[in-house]
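Chemist: Dropping a prediction and its sequence here:
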Amino acid sequence: MVKDGLKGLKKADLDEVKMLRAPPAGTENVVSAVHCLLHHEQTMDWTILKKQCIGKRTVLKELKDFDPSTVTEKDKAYVTKLTAEE
């Protein structure tokens, strides 16, 4: 199901988001949540998120290869908090 949602995502889409100096809060929250799920690190530092998450050449492969069984309770709590914010 997740992989189906990634079919339309292209590197150019991520590059566009990466170019934002100060992203909207919702965008920053989503990227932070993705970063947490992939790397088990919690950060809202946009510079770090751009470099370690959406700026990585391998991010699309990492998203496609994502294994939900690796998500910890701590990761779930962080992502739930981020996605509940408006």
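Modeler: Happy to help now that I have it.
Chemist: Against which helices or strands is the strand or helix carrying residue 78 packed?
Modeler: Here residue 78 sits within helix 73-84, counting by DSSP states H and E. Packed against helix 73-84 by the contact rule (3 or more C-beta pairs under 8 Å, 6 or more residues apart in numbering; DSSP states H and E) you find helix 25-39. Glycine gets a C-beta too; all of them are placed from N, C-alpha and C.
Chemist: How about the contacts made by the residue sitting nearest the centre point of the chain?
Modeler: Nearest to the geometric centre of the chain sits residue 34, at 2.4 Å (C-alpha atoms, centre = their mean). By C-beta atoms under 8 Å, 6 or more residues apart in numbering, the residues touching residue 34 are 53, 54, 63.
Chemist: Select from those the one having the most neighbours.
Modeler: Counting neighbours by other C-beta atoms under 10 Å, residue 53 comes out on top of these with 25 neighbours.
Chemist: which residue sits closest to that residue, ignoring its sequence neighbours?
Modeler: Nearest residue to residue 53, sequence neighbours excluded (C-beta to C-beta, 6 or more residues apart in numbering): residue 35, at 4.1 Å.
Chemist: okay, that neighbour: pLDDT?
Modeler: Per-residue confidence at residue 35 stands at 95 (pLDDT).
Chemist: so what's it up against?
Modeler: By C-beta under 8 Å, 6+ apart, the neighbours of residue 35 are 41, 43, 49, 52, 53.
Chemist: quick one, what contacts the first one?
Modeler: Under the criterion of C-beta under 8 Å, 6+ apart, the contact list for residue 41 reads 35, 52.
Chemist: which stretch of helix or strand covers it?
Modeler: Applying DSSP H and E, one finds residue 41 in no helix or strand.
Chemist: just the second one next, same as before
Modeler: Secondary structure from DSSP H and E places residue 43 outside every helix and strand.
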